[in-house]
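Participant: The sequence and its predicted three-dimensional model are supplied below.
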Amino acid sequence: MSDEAPEELRLADHRFFRDMDPEFLARLTEKAYARTFEAGALIVREGDPADEFLALFSGKVALEIIVPDRPRTTVQTLGPGEVLGWSWLFSPHRWRIDARAVKPTRALGLAAGPLRQLLDDRPADGYRFLHRLLPVIAQRLENTRLQLLDLHGR
Amino acid sequence: MGANGEPPGPPGIDRPPGIVPVPFEVRSRTGETADTVTLDLAPRERRGPLSFRPGQFNMLYVYGVGEAAISISGDPAAPDRYLHTVRAAGKVSLALSEAAPGGVVGVRGPYGTGWPVRESAGRDVVLVAGGLGLPPLRPALYEILRERSKYGRVELIYGAKTPKDLVYYAEIQGWRQRSDLRFQTTVDTAGRDWYGDVGLVTARLPDVRIEPANTVAFLCGPEIMMKLTAKALVARGVPADAIWLSMERNMKCAVGLCGHCQFGPSFVCRHGPVFRYREIAPFLAVREV
(Lines give C-alpha, C1' and ligand atoms only; values in the text may rest on other atoms or scores of the structure.)
Protein backbone atom coordinates (compact mmCIF):
# COMPACT_ATOMS: atom_id res chain seq x y z
CA MET A 1 0.00 0.00 0.00
CA SER A 2 1.29 3.47 -0.85
CA ASP A 3 0.08 6.93 0.05
CA GLU A 4 2.07 8.80 -2.55
CA ALA A 5 0.19 9.47 -5.77
CA PRO A 6 2.25 8.57 -8.84
CA GLU A 7 1.89 11.36 -11.35
CA GLU A 8 0.73 9.12 -14.16
CA LEU A 9 -2.53 8.18 -12.41
CA ARG A 10 -5.18 10.83 -12.99
CA LEU A 11 -8.84 10.54 -12.14
CA ALA A 12 -9.64 12.37 -15.38
CA ASP A 13 -8.15 9.44 -17.33
CA HIS A 14 -10.41 6.91 -15.65
CA ARG A 15 -13.55 5.75 -17.51
CA PHE A 16 -15.80 6.46 -14.53
CA PHE A 17 -14.69 10.08 -14.23
CA ARG A 18 -14.30 10.86 -17.93
CA ASP A 19 -16.01 14.07 -19.07
CA MET A 20 -17.06 14.95 -15.53
CA ASP A 21 -17.56 18.63 -14.74
CA PRO A 22 -13.97 19.98 -14.58
CA GLU A 23 -14.46 21.97 -11.43
CA PHE A 24 -16.07 19.07 -9.58
CA LEU A 25 -13.42 16.72 -10.94
CA ALA A 26 -10.73 19.07 -9.65
CA ARG A 27 -12.25 18.86 -6.18
CA LEU A 28 -12.25 15.08 -6.37
CA THR A 29 -8.70 15.02 -7.71
CA GLU A 30 -7.52 17.03 -4.69
CA LYS A 31 -8.82 14.25 -2.45
CA ALA A 32 -7.53 11.29 -4.48
CA TYR A 33 -4.60 9.20 -3.31
CA ALA A 34 -2.77 6.29 -4.84
CA ARG A 35 -3.22 2.73 -3.73
CA THR A 36 -1.23 -0.31 -4.80
CA PHE A 37 -1.92 -3.90 -3.89
CA GLU A 38 0.24 -6.97 -4.29
CA ALA A 39 -1.23 -10.06 -5.87
CA GLY A 40 -3.20 -11.91 -3.21
CA ALA A 41 -3.70 -8.88 -0.98
CA LEU A 42 -7.10 -8.54 0.64
CA ILE A 43 -8.38 -5.09 -0.32
CA VAL A 44 -11.66 -5.05 1.55
CA ARG A 45 -13.19 -7.53 3.96
CA GLU A 46 -16.88 -8.22 4.42
CA GLY A 47 -18.16 -6.50 7.57
CA ASP A 48 -15.29 -4.04 7.86
CA PRO A 49 -15.99 -0.30 7.61
CA ALA A 50 -16.44 0.73 3.98
CA ASP A 51 -14.17 3.71 4.10
CA GLU A 52 -13.12 4.36 0.52
CA PHE A 53 -14.06 4.32 -3.14
CA LEU A 54 -11.45 2.90 -5.51
CA ALA A 55 -10.96 3.60 -9.19
CA LEU A 56 -8.90 0.80 -10.72
CA PHE A 57 -6.19 1.65 -13.24
CA SER A 58 -4.36 -1.65 -13.64
CA GLY A 59 -4.38 -5.21 -12.40
CA LYS A 60 -7.34 -7.33 -11.46
CA VAL A 61 -9.54 -7.57 -8.36
CA ALA A 62 -11.74 -10.55 -7.44
CA LEU A 63 -15.00 -10.06 -5.56
CA GLU A 64 -15.28 -13.08 -3.32
CA ILE A 65 -18.00 -14.64 -1.23
CA ILE A 66 -17.08 -16.66 1.80
CA VAL A 67 -19.50 -19.41 2.71
CA PRO A 68 -18.69 -21.68 5.66
CA ASP A 69 -17.64 -25.20 4.62
CA ARG A 70 -17.30 -24.14 0.98
CA PRO A 71 -14.29 -22.97 -0.97
CA ARG A 72 -13.88 -19.24 -1.36
CA THR A 73 -15.79 -18.34 -4.54
CA THR A 74 -15.09 -15.53 -6.96
CA VAL A 75 -18.32 -14.10 -8.34
CA GLN A 76 -16.85 -11.28 -10.39
CA THR A 77 -13.55 -9.74 -11.33
CA LEU A 78 -12.89 -6.05 -11.89
CA GLY A 79 -10.16 -4.52 -13.98
CA PRO A 80 -8.81 -1.24 -15.33
CA GLY A 81 -11.55 1.33 -15.90
CA GLU A 82 -13.83 -0.20 -13.29
CA VAL A 83 -14.62 0.99 -9.78
CA LEU A 84 -14.70 -0.89 -6.51
CA GLY A 85 -17.22 -0.24 -3.81
CA TRP A 86 -20.49 1.49 -3.12
CA SER A 87 -21.04 0.29 0.43
CA TRP A 88 -19.30 3.49 1.54
CA LEU A 89 -22.26 5.49 0.26
CA PHE A 90 -25.05 3.99 2.33
CA SER A 91 -25.51 3.23 5.99
CA PRO A 92 -24.22 1.14 7.73
CA HIS A 93 -21.10 1.81 5.61
CA ARG A 94 -19.81 -1.74 5.90
CA TRP A 95 -18.43 -3.87 3.07
CA ARG A 96 -20.82 -6.54 1.88
CA ILE A 97 -18.21 -8.66 0.11
CA ASP A 98 -14.50 -9.45 0.11
CA ALA A 99 -12.27 -7.99 -2.57
CA ARG A 100 -8.81 -9.40 -3.24
CA ALA A 101 -6.14 -8.44 -5.75
CA VAL A 102 -5.59 -11.27 -8.21
CA LYS A 103 -2.74 -9.42 -9.90
CA PRO A 104 -0.66 -6.46 -8.76
CA THR A 105 -3.20 -3.66 -8.82
CA ARG A 106 -2.99 0.12 -8.93
CA ALA A 107 -5.86 2.41 -8.06
CA LEU A 108 -6.79 5.87 -6.97
CA GLY A 109 -8.78 6.04 -3.77
CA LEU A 110 -11.22 8.56 -2.37
CA ALA A 111 -11.87 8.47 1.35
CA ALA A 112 -15.53 7.79 2.04
CA GLY A 113 -16.17 10.51 4.62
CA PRO A 114 -14.85 13.47 2.61
CA LEU A 115 -16.42 12.08 -0.57
CA ARG A 116 -19.85 11.80 1.05
CA GLN A 117 -19.45 15.30 2.42
CA LEU A 118 -18.57 16.65 -1.02
CA LEU A 119 -21.58 14.93 -2.60
CA ASP A 120 -23.83 16.30 0.15
CA ASP A 121 -22.43 19.80 -0.20
CA ARG A 122 -22.88 19.82 -3.96
CA PRO A 123 -26.17 18.00 -4.53
CA ALA A 124 -26.29 18.64 -8.27
CA ASP A 125 -22.83 17.16 -8.73
CA GLY A 126 -23.69 14.46 -6.22
CA TYR A 127 -26.74 13.55 -8.28
CA ARG A 128 -24.64 13.33 -11.43
CA PHE A 129 -22.09 11.25 -9.56
CA LEU A 130 -24.86 8.82 -8.61
CA HIS A 131 -25.93 8.76 -12.24
CA ARG A 132 -22.54 7.30 -13.01
CA LEU A 133 -22.49 4.91 -10.06
CA LEU A 134 -26.00 3.49 -10.40
CA PRO A 135 -25.41 1.97 -13.87
CA VAL A 136 -22.40 0.17 -12.41
CA ILE A 137 -24.62 -1.24 -9.67
CA ALA A 138 -27.35 -2.09 -12.19
CA GLN A 139 -24.84 -3.86 -14.43
CA ARG A 140 -23.57 -5.95 -11.55
CA LEU A 141 -27.13 -6.78 -10.50
CA GLU A 142 -27.89 -7.89 -14.04
CA ASN A 143 -24.73 -9.98 -14.09
CA THR A 144 -25.78 -11.63 -10.85
CA ARG A 145 -29.26 -12.40 -12.19
CA LEU A 146 -27.82 -14.01 -15.29
CA GLN A 147 -25.33 -15.99 -13.24
CA LEU A 148 -28.28 -17.28 -11.20
CA LEU A 149 -29.87 -18.53 -14.43
CA ASP A 150 -26.86 -20.77 -14.96
CA LEU A 151 -27.05 -20.12 -18.70
CA HIS A 152 -23.86 -21.91 -19.60
CA GLY A 153 -24.67 -24.93 -17.52
CA ARG A 154 -27.58 -25.99 -19.70
CA MET B 1 -31.82 -27.25 -51.24
CA GLY B 2 -30.49 -29.20 -54.19
CA ALA B 3 -31.19 -28.46 -57.80
CA ASN B 4 -34.22 -30.72 -57.80
CA GLY B 5 -35.58 -29.34 -54.60
CA GLU B 6 -34.17 -32.15 -52.50
CA PRO B 7 -32.24 -31.32 -49.32
CA PRO B 8 -28.46 -31.17 -49.54
CA GLY B 9 -26.57 -34.30 -48.67
CA PRO B 10 -23.10 -34.44 -47.19
CA PRO B 11 -20.75 -32.95 -49.79
CA GLY B 12 -18.73 -35.59 -51.55
CA ILE B 13 -21.34 -38.22 -50.85
CA ASP B 14 -23.99 -39.23 -53.33
CA ARG B 15 -26.98 -37.11 -52.54
CA PRO B 16 -29.26 -39.22 -50.39
CA PRO B 17 -32.88 -39.50 -51.33
CA GLY B 18 -34.91 -37.07 -49.27
CA ILE B 19 -33.51 -36.62 -45.81
CA VAL B 20 -31.99 -40.02 -45.24
CA PRO B 21 -28.87 -40.00 -43.04
CA VAL B 22 -25.64 -41.39 -44.43
CA PRO B 23 -23.58 -43.69 -42.20
CA PHE B 24 -20.39 -42.15 -40.82
CA GLU B 25 -17.90 -43.89 -38.56
CA VAL B 26 -16.65 -42.33 -35.36
CA ARG B 27 -12.94 -41.99 -36.07
CA SER B 28 -12.06 -40.52 -32.70
CA ARG B 29 -13.69 -39.19 -29.58
CA THR B 30 -11.93 -36.48 -27.57
CA GLY B 31 -13.09 -35.50 -24.11
CA GLU B 32 -13.36 -31.72 -23.74
CA THR B 33 -15.01 -31.42 -20.33
CA ALA B 34 -16.85 -33.75 -17.96
CA ASP B 35 -19.92 -33.73 -20.20
CA THR B 36 -18.64 -32.60 -23.58
CA VAL B 37 -16.77 -34.49 -26.29
CA THR B 38 -15.60 -33.82 -29.83
CA LEU B 39 -16.34 -36.53 -32.38
CA ASP B 40 -14.33 -36.87 -35.58
CA LEU B 41 -16.58 -38.52 -38.15
CA ALA B 42 -15.63 -40.14 -41.45
CA PRO B 43 -18.04 -41.39 -44.13
CA ARG B 44 -18.05 -45.16 -44.42
CA GLU B 45 -18.11 -44.86 -48.20
CA ARG B 46 -15.93 -41.98 -49.32
CA ARG B 47 -16.76 -40.61 -52.76
CA GLY B 48 -15.09 -37.23 -52.63
CA PRO B 49 -13.99 -34.49 -50.29
CA LEU B 50 -16.25 -33.21 -47.56
CA SER B 51 -16.93 -29.50 -47.36
CA PHE B 52 -18.86 -27.07 -45.21
CA ARG B 53 -19.08 -23.39 -44.44
CA PRO B 54 -18.28 -21.99 -40.97
CA GLY B 55 -21.48 -21.88 -38.95
CA GLN B 56 -23.26 -24.75 -40.68
CA PHE B 57 -24.58 -27.79 -38.84
CA ASN B 58 -25.34 -31.43 -39.46
CA MET B 59 -28.13 -33.59 -38.20
CA LEU B 60 -26.46 -36.46 -36.36
CA TYR B 61 -28.51 -39.60 -35.94
CA VAL B 62 -27.87 -42.20 -33.28
CA TYR B 63 -29.59 -45.23 -34.70
CA GLY B 64 -32.46 -46.32 -32.54
CA VAL B 65 -32.24 -43.24 -30.33
CA GLY B 66 -32.85 -40.14 -32.41
CA GLU B 67 -31.41 -37.15 -34.17
CA ALA B 68 -29.92 -33.83 -33.05
CA ALA B 69 -28.60 -30.74 -34.79
CA ILE B 70 -24.88 -30.34 -34.09
CA SER B 71 -22.66 -27.59 -35.47
CA ILE B 72 -19.55 -28.52 -37.38
CA SER B 73 -16.64 -27.36 -35.27
CA GLY B 74 -13.59 -28.21 -37.36
CA ASP B 75 -11.52 -26.36 -39.92
CA PRO B 76 -13.27 -25.81 -43.26
CA ALA B 77 -9.86 -26.13 -44.93
CA ALA B 78 -9.37 -29.54 -43.37
CA PRO B 79 -12.84 -31.01 -43.76
CA ASP B 80 -11.54 -34.55 -43.59
CA ARG B 81 -11.48 -33.94 -39.86
CA TYR B 82 -15.25 -33.68 -39.69
CA LEU B 83 -15.51 -32.48 -36.10
CA HIS B 84 -18.66 -32.11 -34.01
CA THR B 85 -18.54 -31.03 -30.37
CA VAL B 86 -21.41 -32.42 -28.33
CA ARG B 87 -22.54 -31.77 -24.78
CA ALA B 88 -24.54 -34.53 -23.12
CA ALA B 89 -27.69 -32.57 -22.41
CA GLY B 90 -30.49 -34.88 -23.60
CA LYS B 91 -31.14 -38.42 -24.75
CA VAL B 92 -29.60 -38.06 -28.21
CA SER B 93 -26.67 -35.88 -27.22
CA LEU B 94 -25.91 -38.26 -24.34
CA ALA B 95 -25.84 -41.17 -26.77
CA LEU B 96 -23.64 -39.16 -29.15
CA SER B 97 -21.26 -38.23 -26.38
CA GLU B 98 -20.90 -41.89 -25.52
CA ALA B 99 -20.26 -42.96 -29.12
CA ALA B 100 -17.05 -44.95 -29.21
CA PRO B 101 -14.47 -44.98 -32.02
CA GLY B 102 -15.62 -47.46 -34.64
CA GLY B 103 -19.25 -46.77 -33.89
CA VAL B 104 -21.60 -45.59 -36.60
CA VAL B 105 -23.59 -42.36 -36.62
CA GLY B 106 -25.99 -41.18 -39.30
CA VAL B 107 -25.18 -37.80 -40.83
CA ARG B 108 -27.19 -35.52 -43.06
CA GLY B 109 -26.22 -32.02 -43.94
CA PRO B 110 -24.52 -29.67 -43.83
CA TYR B 111 -27.41 -27.33 -43.43
CA GLY B 112 -28.02 -23.67 -42.87
CA THR B 113 -26.37 -20.38 -43.53
CA GLY B 114 -22.89 -19.64 -42.27
CA TRP B 115 -20.90 -16.79 -40.79
CA PRO B 116 -20.06 -14.12 -43.39
CA VAL B 117 -16.34 -14.60 -42.88
CA ARG B 118 -14.95 -13.68 -46.28
CA GLU B 119 -17.42 -10.81 -46.59
CA SER B 120 -15.91 -9.37 -43.41
CA ALA B 121 -12.44 -8.87 -44.87
CA GLY B 122 -11.05 -5.42 -44.21
CA ARG B 123 -12.95 -4.99 -40.96
CA ASP B 124 -12.30 -5.53 -37.27
CA VAL B 125 -13.90 -8.77 -36.10
CA VAL B 126 -15.30 -9.52 -32.66
CA LEU B 127 -16.30 -13.09 -31.87
CA VAL B 128 -18.27 -13.66 -28.68
CA ALA B 129 -18.97 -17.21 -27.53
CA GLY B 130 -20.91 -18.37 -24.50
CA GLY B 131 -20.67 -21.96 -23.28
CA LEU B 132 -21.01 -24.35 -26.18
CA GLY B 133 -21.20 -21.36 -28.51
CA LEU B 134 -17.48 -21.67 -29.19
CA PRO B 135 -17.67 -24.79 -31.40
CA PRO B 136 -19.87 -23.14 -34.08
CA LEU B 137 -17.53 -20.13 -34.09
CA ARG B 138 -14.28 -22.07 -34.27
CA PRO B 139 -14.48 -22.73 -38.04
CA ALA B 140 -14.91 -18.98 -38.60
CA LEU B 141 -11.89 -18.28 -36.41
CA TYR B 142 -9.83 -20.82 -38.36
CA GLU B 143 -10.72 -19.08 -41.63
CA ILE B 144 -9.92 -15.65 -40.25
CA LEU B 145 -6.59 -16.73 -38.81
CA ARG B 146 -5.64 -18.48 -42.03
CA GLU B 147 -5.98 -15.19 -43.92
CA ARG B 148 -5.24 -13.01 -40.96
CA SER B 149 -3.75 -10.12 -42.93
CA LYS B 150 -7.08 -9.50 -44.64
CA TYR B 151 -8.75 -8.46 -41.37
CA GLY B 152 -8.29 -5.65 -38.90
CA ARG B 153 -8.20 -6.32 -35.19
CA VAL B 154 -9.59 -9.69 -34.17
CA GLU B 155 -11.00 -10.17 -30.67
CA LEU B 156 -12.47 -13.32 -29.18
CA ILE B 157 -14.39 -13.30 -25.90
CA TYR B 158 -15.29 -16.70 -24.52
CA GLY B 159 -17.51 -17.21 -21.47
CA ALA B 160 -18.18 -20.47 -19.65
CA LYS B 161 -19.76 -21.58 -16.41
CA THR B 162 -16.53 -22.46 -14.61
CA PRO B 163 -12.90 -22.94 -15.68
CA LYS B 164 -13.57 -26.68 -15.92
CA ASP B 165 -16.23 -26.03 -18.56
CA LEU B 166 -13.88 -24.40 -21.07
CA VAL B 167 -13.72 -26.50 -24.23
CA TYR B 168 -10.63 -26.81 -26.47
CA TYR B 169 -8.53 -25.97 -23.43
CA ALA B 170 -5.18 -26.88 -25.00
CA GLU B 171 -5.99 -25.01 -28.20
CA ILE B 172 -7.03 -21.82 -26.45
CA GLN B 173 -3.65 -21.71 -24.74
CA GLY B 174 -2.22 -21.38 -28.25
CA TRP B 175 -4.71 -18.65 -29.13
CA ARG B 176 -3.61 -16.74 -26.04
CA GLN B 177 -0.04 -16.71 -27.30
CA ARG B 178 -0.90 -15.13 -30.63
CA SER B 179 -0.10 -11.47 -31.04
CA ASP B 180 -2.67 -11.08 -33.82
CA LEU B 181 -5.63 -12.33 -31.79
CA ARG B 182 -6.85 -10.75 -28.55
CA PHE B 183 -8.48 -13.48 -26.54
CA GLN B 184 -10.42 -12.93 -23.33
CA THR B 185 -11.90 -15.71 -21.25
CA THR B 186 -14.41 -15.22 -18.48
CA VAL B 187 -16.37 -17.61 -16.29
CA ASP B 188 -19.47 -17.30 -14.13
CA THR B 189 -17.78 -18.43 -10.93
CA ALA B 190 -14.34 -19.68 -9.98
CA GLY B 191 -12.15 -20.67 -7.11
CA ARG B 192 -8.90 -19.05 -6.08
CA ASP B 193 -6.94 -21.16 -8.54
CA TRP B 194 -8.41 -19.17 -11.46
CA TYR B 195 -6.49 -16.05 -12.43
CA GLY B 196 -8.72 -15.09 -15.34
CA ASP B 197 -11.84 -12.98 -15.41
CA VAL B 198 -15.11 -13.77 -13.66
CA GLY B 199 -18.36 -12.28 -14.95
CA LEU B 200 -20.43 -12.10 -18.08
CA VAL B 201 -18.96 -11.69 -21.54
CA THR B 202 -20.66 -8.31 -21.75
CA ALA B 203 -18.43 -7.08 -18.93
CA ARG B 204 -15.43 -7.67 -21.19
CA LEU B 205 -16.79 -5.62 -24.09
CA PRO B 206 -15.54 -2.23 -22.85
CA ASP B 207 -12.01 -3.64 -23.14
CA VAL B 208 -12.44 -4.58 -26.78
CA ARG B 209 -10.19 -2.48 -28.99
CA ILE B 210 -12.09 -1.92 -32.19
CA GLU B 211 -13.17 0.74 -34.59
CA PRO B 212 -16.91 0.25 -34.04
CA ALA B 213 -18.17 1.60 -37.35
CA ASN B 214 -15.84 -0.78 -39.19
CA THR B 215 -16.49 -3.84 -37.04
CA VAL B 216 -18.35 -7.05 -37.66
CA ALA B 217 -19.40 -9.25 -34.73
CA PHE B 218 -20.27 -12.95 -34.63
CA LEU B 219 -22.17 -14.06 -31.52
CA CYS B 220 -23.04 -17.59 -30.44
CA GLY B 221 -24.30 -18.77 -27.10
CA PRO B 222 -27.34 -18.54 -24.84
CA GLU B 223 -29.92 -16.30 -26.48
CA ILE B 224 -30.07 -13.77 -23.67
CA MET B 225 -26.29 -13.49 -23.73
CA MET B 226 -26.37 -12.77 -27.47
CA LYS B 227 -29.17 -10.25 -27.01
CA LEU B 228 -27.30 -8.34 -24.29
CA THR B 229 -24.05 -8.52 -26.21
CA ALA B 230 -25.66 -7.25 -29.40
CA LYS B 231 -27.25 -4.34 -27.51
CA ALA B 232 -23.92 -3.48 -25.90
CA LEU B 233 -22.15 -3.57 -29.27
CA VAL B 234 -24.78 -1.34 -30.84
CA ALA B 235 -24.41 1.07 -27.91
CA ARG B 236 -20.68 1.04 -28.62
CA GLY B 237 -21.36 2.06 -32.22
CA VAL B 238 -21.23 -1.25 -34.07
CA PRO B 239 -23.93 -1.20 -36.79
CA ALA B 240 -26.80 -3.63 -36.16
CA ASP B 241 -26.32 -4.79 -39.75
CA ALA B 242 -22.82 -5.95 -38.90
CA ILE B 243 -23.79 -8.13 -35.94
CA TRP B 244 -24.58 -11.79 -36.62
CA LEU B 245 -26.14 -14.29 -34.22
CA SER B 246 -26.37 -18.05 -34.42
CA MET B 247 -29.82 -18.98 -33.19
CA GLU B 248 -30.82 -22.25 -31.63
CA ARG B 249 -34.27 -23.76 -31.87
CA ASN B 250 -35.68 -27.27 -31.79
CA MET B 251 -34.69 -28.53 -35.21
CA LYS B 252 -36.27 -31.68 -36.56
CA CYS B 253 -36.36 -31.85 -40.35
CA ALA B 254 -33.55 -29.31 -40.90
CA VAL B 255 -34.89 -28.49 -44.37
CA GLY B 256 -37.58 -25.96 -43.57
CA LEU B 257 -40.57 -28.26 -43.79
CA CYS B 258 -41.73 -29.23 -40.33
CA GLY B 259 -41.83 -25.82 -38.66
CA HIS B 260 -40.42 -26.92 -35.32
CA CYS B 261 -37.66 -24.34 -35.50
CA GLN B 262 -39.80 -21.44 -36.63
CA PHE B 263 -38.58 -18.10 -35.34
CA GLY B 264 -40.87 -15.29 -36.40
CA PRO B 265 -41.15 -15.48 -40.18
CA SER B 266 -38.02 -17.65 -40.49
CA PHE B 267 -37.04 -21.25 -40.05
CA VAL B 268 -33.80 -21.40 -38.13
CA CYS B 269 -32.69 -24.55 -39.97
CA ARG B 270 -33.10 -23.06 -43.42
CA HIS B 271 -32.84 -19.28 -43.10
CA GLY B 272 -30.35 -19.54 -40.24
CA PRO B 273 -28.91 -20.57 -37.92
CA VAL B 274 -26.83 -17.44 -38.55
CA PHE B 275 -28.98 -14.32 -38.76
CA ARG B 276 -28.25 -10.64 -39.03
CA TYR B 277 -29.11 -8.92 -35.74
CA ARG B 278 -31.06 -6.12 -37.41
CA GLU B 279 -33.40 -8.64 -39.01
CA ILE B 280 -34.19 -10.67 -35.92
CA ALA B 281 -33.93 -8.07 -33.16
CA PRO B 282 -37.71 -7.39 -33.19
CA PHE B 283 -38.41 -11.07 -32.61
CA LEU B 284 -35.86 -11.39 -29.80
CA ALA B 285 -38.12 -9.05 -27.86
CA VAL B 286 -41.22 -11.20 -28.36
CA ARG B 287 -41.64 -13.61 -25.47
CA GLU B 288 -43.89 -15.97 -27.39
CA VAL B 289 -41.42 -16.53 -30.22
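Facilitator: Yep, it's here.
Participant: Going along the chain, name the helices of the chain.
Facilitator: Let's take chain A. A:22-31, A:112-121, A:123-149 (DSSP state H).
Participant: not quite, I wanted chain B
Facilitator: Taking DSSP H to define them, one finds helices in chain B at B:91-97, B:134-146, B:169-177, B:223-236, B:268-271, B:277-284.
Participant: what's the angle from the longest one to helix A:123-149?
Facilitator: I take that to be helix B:223-236. Calculated by axes from the mean of the first three to the mean of the last three Cα atoms, to 10 degrees, helix B:223-236 forms an angle of 150 degrees with helix A:123-149.
Participant: Stretch B:198-209: end-to-end distance?
Facilitator: Chord length of stretch B:198-209, first to last residue, is 20 Å (Cα to Cα, to the nearest Å).
Participant: for it, which positions count as buried?
Facilitator: Neighbour-count burial for stretch B:198-209 flags B:198-205, B:208 (criterion: 16 or more other Cβ atoms under 10 Å in any protein chain shown). For every residue, glycine as well, the C-beta is placed using N, CA and C.
Participant: now swap in stretch B:252-262 and tell me
Facilitator: Within stretch B:252-262, the residues that count as buried by 16+ other Cβ under 10 Å are B:252-256, B:261-262.
Participant: go on, stretch B:88-106?
Facilitator: By neighbour count with 16+ other Cβ under 10 Å, stretch B:88-106 contains the buried residues B:88, B:92-93, B:95-97, B:99, B:103, B:105-106.
Participant: Run through who's touching it.
Facilitator: Stretch B:88-106 is contacted from outside by A:154, B:21-29, B:35-37, B:39, B:41, B:44, B:60-63, B:65-68, B:70, B:84, B:86-87, using Cβ atoms under 8 Å, 6 or more residues apart in numbering or on different chains.
Participant: Drop the exposed ones from the residues you listed and show what's left.
Facilitator: Neighbour-count burial (16+ other Cβ under 10 Å) applied to the contacts of stretch B:88-106 gives B:21-22, B:24, B:26, B:29, B:36-37, B:39, B:41, B:60-62, B:67-68, B:70, B:84, B:86-87.
Participant: Any residues of chain B in contact with chain A? List them.
Facilitator: Residues of chain B lying close to chain A (Cβ under 8 Å from any Cβ of the partner chain) are B:89, B:130-131, B:159-161, B:165, B:186, B:188-192, B:194-200, B:202-203, B:206-207, B:221-222, B:224-225, B:228.
Participant: which residues touch residue 58?
Facilitator: If you meant another chain, say so; for now it's chain A. Counted by Cβ under 8 Å, 6+ apart, residue A:58 has contacts A:80, A:104-106.
Participant: nope, chain B
Facilitator: Going by Cβ under 8 Å, 6+ apart, residue B:58 touches B:10, B:69-70, B:72, B:84, B:107-111.
Participant: got a pLDDT number for the closest residue to residue B:113 other than its chain neighbours?
Facilitator: Nearest non-adjacent residue to residue B:113, counting by Cβ to Cβ, 6 or more residues apart in numbering or on different chains: residue B:274, 4.8 Å away. Confidence at residue B:274, expressed as pLDDT, is 91.
Participant: Go ahead and confirm residue B:274 touches residue B:115.
Facilitator: Yes. Residue B:274 is in contact with residue B:115 according to Cβ atoms under 8 Å; the separation is 5.7 Å.
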